[in-house]
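# quick one: sequence plus predicted model below, questions after.
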Amino acid sequence: MYMSHGYGSPMNGAKLRYQTVDVDSRVEGASPHRLIGILFEELMKALEIMTAAQRAGMTAKAIDRQARASNILLALETSLDYRNGGEIAVNLAKIYREARRLVRLGGRDNQPELVDRARSYLAEIVEAWEAIG
């Protein structure tokens, strides 16, 4: 018997529940630094899946991951402490906004290369964050 594992299938629902439990378990008891690290991990994963879905013609999955990535970018931007972060916070906000713009345009125009560009901008921040950890 063939069981579809496509978007919206019963297997996908189980996978989604598992992923939610996995994220919840990592978040529970995490330090503020680790929480941001988890957001970065989820962001990079969402961008990677978005571009793969675009290239595979899986529009619904690409849109879903685009929304997730955009929400995470917005959460990262709104969590910035401008008072204590000064110029670094301002520069991070600019990068997050540009990444959000690229993700939006890349999704709208089905241009995974724009999403890849956003990923490359963010990769440097993620690496620096992990080095602090």
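Received it, and whenever you're ready, just let me know what you need.
# tell me, how many residues neighbour residue 122?
Close neighbours of residue 122, defined as other C-beta atoms under 10 Å, add up to 23. Bear in mind the C-beta positions are built from the backbone N, C-alpha and C, glycine included.
# let's verify it: helix, strand, or coil?
For residue 122, the assignment made with DSSP: H, G, I helix; E, B strand; the rest coil gives helix.
# what count of nearby residues applies to residue 89?
16.
# surely it meets residue 80?
Yes. Under the criterion of C-beta atoms under 8 Å, residue 89 makes contact with residue 80 at 4.4 Å.
# which stretches of this structure have low pLDDT?
1-28 (pLDDT under 70).
# out of all of them, which helix in the protein is the longest?
When the chain is parsed with DSSP state H, its longest helix is helix 82-108.
# now that one: buried residues?
By 16 or more other C-beta atoms under 10 Å, the buried positions in helix 82-108 come out as 89, 92, 93, 95, 96, 99, 100, 102, 103, 104, 106, 107.
# and the helices in the chain?
All helices of the chain, identified by DSSP H, fall at 10-27, 32-56, 59-78, 82-108, 112-132.
# in the last one, which residues are buried?
The one in question is helix 112-132. In helix 112-132, counting by 16+ other C-beta under 10 Å, buried: 112, 114, 115, 117, 118, 119, 122, 125, 126.
# elements contacting it?
With contacts taken as 3 or more C-beta pairs under 8 Å, 6 or more residues apart in numbering; DSSP states H and E, helix 112-132 sits against helix 32-56, helix 82-108.
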